[in-house]
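Q: Can you look at this prediction? I've put the sequence above it.
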Amino acid sequence: MKSIFSGLLIGSIIFLFAVLLQIGTPTESSRWIDEIYTIKSNIANSIKKPKLVIVSGSNALFGISCSQIHEETLVSCINGGTHAGLGIDYILTRAHSWLKSGDLVLLPLEYTHYTYDGKPSNVLTDYVLARDPKYLLSLNLTDQVRLISGISFKRVEQGIVAKFKTPQRINSGYQSKTINDYGDETANRKADMTQQQIKAIAKITPNDKIYESINSSHGMSSIIKFINWCASHNIKVIATWPNTVWFDVYQEPKQQEFFKSIEYFYKRHGVLILGKPEDFMYDKSMFYDTDYHLHDLGVNQRTKQLIDLIKPYLPSS
């Protein structure tokens, strides 16, 4: 037993040392997220008057056009959609720095955020270790341990390699150069879709997170904290539904209970929710590469619907 305990202790110390050694070392896998955060932060800092800030994962990035909103309403708009895999805690915390008194926040959050249990994802762990160690330090000890202990051995290896050799830049996949001056993604053109993307859309099935009523979760607690923070800083919050693929099963009683529970959640906390879930559910032909990512024609339709709903609540231009 002594030998086993000693072995575990030594192994844990070596693992911890390997993690600490690489903190702050950029990885290629975290580059895109870091670059789009930099772009969106620069946009936010450049706007001095009240603005609309859209906060969510990538369903807004690939689903809403702030350029179109600004063109039709003259209101300054930032598309703050990033990566849902970062988790609701991180997404909302990072949004604080974009917001000022008088702003309006729109939350078209992905459904997974409402059921989120607080467990750090691989995306979050990779990004925080590589690009935002300050966030790690801001967490309480329990959350720090949860994040560090969740690191895979493969990620530890990647970080160590990156520490001594700059990772080769990958030019395929999402690239920050396609983000416009409003924070919108512009590369999701239907005309440019590949056969691989078309096949991926065809294989999409109903979201298994959309099932039964949900009354409380770690994710909901995080949203409440954000709503309260905004209220204390004279920032108005409005919610709406994410764009996703339509499936008949979403009309079944169990799924409808799920949607109603989200609606009731926002009502309890004094937050208006725009539209109905089905308003932003579309045929697969409107999607680009995932069940949350519309192509450009889908973005145009979704944004037009959103503008009609949000116009009365926009800050003065």
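A: Perfect, I can see it now.

Q: what about dumping the CA coordinates of stretch 240-253 to PDB?
A: This file holds the C-alpha atoms of stretch 240-253, laid out as PDB (Å, rounded to 0.1, in the frame of the first residue of the first chain):
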ATOM      1  CA  THR A 240     -34.000  34.600 -27.600                       C
ATOM      2  CA  TRP A 241     -33.800  31.200 -29.000                       C
ATOM      3  CA  PRO A 242     -30.800  29.800 -30.900                       C
ATOM      4  CA  ASN A 243     -31.000  28.900 -34.600                       C
ATOM      5  CA  THR A 244     -31.100  25.100 -35.000                       C
ATOM      6  CA  VAL A 245     -32.600  22.400 -37.300                       C
ATOM      7  CA  TRP A 246     -36.300  21.700 -37.200                       C
ATOM      8  CA  PHE A 247     -37.400  18.200 -36.200                       C
ATOM      9  CA  ASP A 248     -41.100  17.200 -35.700                       C
ATOM     10  CA  VAL A 249     -40.100  15.600 -32.400                       C
ATOM     11  CA  TYR A 250     -39.600  19.000 -30.900                       C
ATOM     12  CA  GLN A 251     -43.400  19.400 -30.900                       C
ATOM     13  CA  GLU A 252     -43.800  16.400 -28.600                       C
ATOM     14  CA  PRO A 253     -45.000  17.100 -25.000                       C
END
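
Q: Could you give me the buried positions within it?
A: Within stretch 240-253, the residues that qualify as buried by neighbour count (16 or more other Cβ atoms under 10 Å) are 240-247, 250. Quick note: C-beta positions are derived from backbone N, CA and C, even for glycine.

Q: Could you find the two of these that are most distant from each other?
A: Within the buried residues of stretch 240-253, 240 and 247 form the most distant pair, 19.5 Å apart (Cβ to Cβ).

Q: if we can go back for a sec, secondary structure and distance to residue 113 for the buried residues of stretch 240-253 - can I get that in JSON lines?
A: Below are the buried residues of stretch 240-253 laid out as JSON lines (DSSP: H, G, I helix; E, B strand; the rest coil; distance: Cβ to Cβ, whole Å):
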{"residue": "240", "secondary structure": "strand", "distance to residue 113": "13"}
{"residue": "241", "secondary structure": "coil", "distance to residue 113": "12"}
{"residue": "242", "secondary structure": "coil", "distance to residue 113": "9"}
{"residue": "243", "secondary structure": "coil", "distance to residue 113": "15"}
{"residue": "244", "secondary structure": "strand", "distance to residue 113": "13"}
{"residue": "245", "secondary structure": "strand", "distance to residue 113": "18"}
{"residue": "246", "secondary structure": "coil", "distance to residue 113": "20"}
{"residue": "247", "secondary structure": "coil", "distance to residue 113": "20"}
{"residue": "250", "secondary structure": "helix", "distance to residue 113": "18"}
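
Q: what's the closest of these to residue 125?
A: Nearest to residue 125 out of the buried residues of stretch 240-253 is residue 242 (Cβ to Cβ; 24.0 Å).

Q: Please report the distance of residue 190 from residue 293.
A: Distance of residue 190 to residue 293, computed by Cβ to Cβ, to the nearest Å: 12 Å.

Q: And for residue 69?
A: Per Cβ to Cβ, residue 69 is found 19 Å from residue 293.

Q: With neighbour numbers in mind, choose between the two.
A: residue 69 (26 against 22; other Cβ atoms under 10 Å).

Q: And the pLDDT for the more buried one?
A: pLDDT for residue 69: 98.

Q: between the buried residues of stretch 240-253, which is closest to residue 19?
A: After measuring those against residue 19 - Cβ to Cβ - the closest member comes out as residue 242, at 33.8 Å.

Q: So the nearest residue to that closest one once chain neighbours are set aside, which state does it fall into?
A: Nearest non-adjacent residue to residue 242, counting by Cβ to Cβ, 6 or more residues apart in numbering: residue 59, 4.2 Å away. Assigned by DSSP: H, G, I helix; E, B strand; the rest coil, the conformation of residue 59 is helix.

Q: Residue 59 - how many residues pack around it?
A: A count of neighbours around residue 59, defined by other Cβ under 10 Å, yields 25.

Q: quick one: buried residues of stretch 119-130?
A: Using 16+ other Cβ under 10 Å as the test for burial, stretch 119-130 gives 120-121, 123-130.

Q: Take those and lay them out in JSON lines including distance to residue 200.
A: Below are those laid out as JSON lines (distance: Cβ to Cβ, whole Å):
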{"residue": "120", "distance to residue 200": "26"}
{"residue": "121", "distance to residue 200": "21"}
{"residue": "123", "distance to residue 200": "19"}
{"residue": "124", "distance to residue 200": "24"}
{"residue": "125", "distance to residue 200": "25"}
{"residue": "126", "distance to residue 200": "23"}
{"residue": "127", "distance to residue 200": "24"}
{"residue": "128", "distance to residue 200": "28"}
{"residue": "129", "distance to residue 200": "29"}
{"residue": "130", "distance to residue 200": "27"}
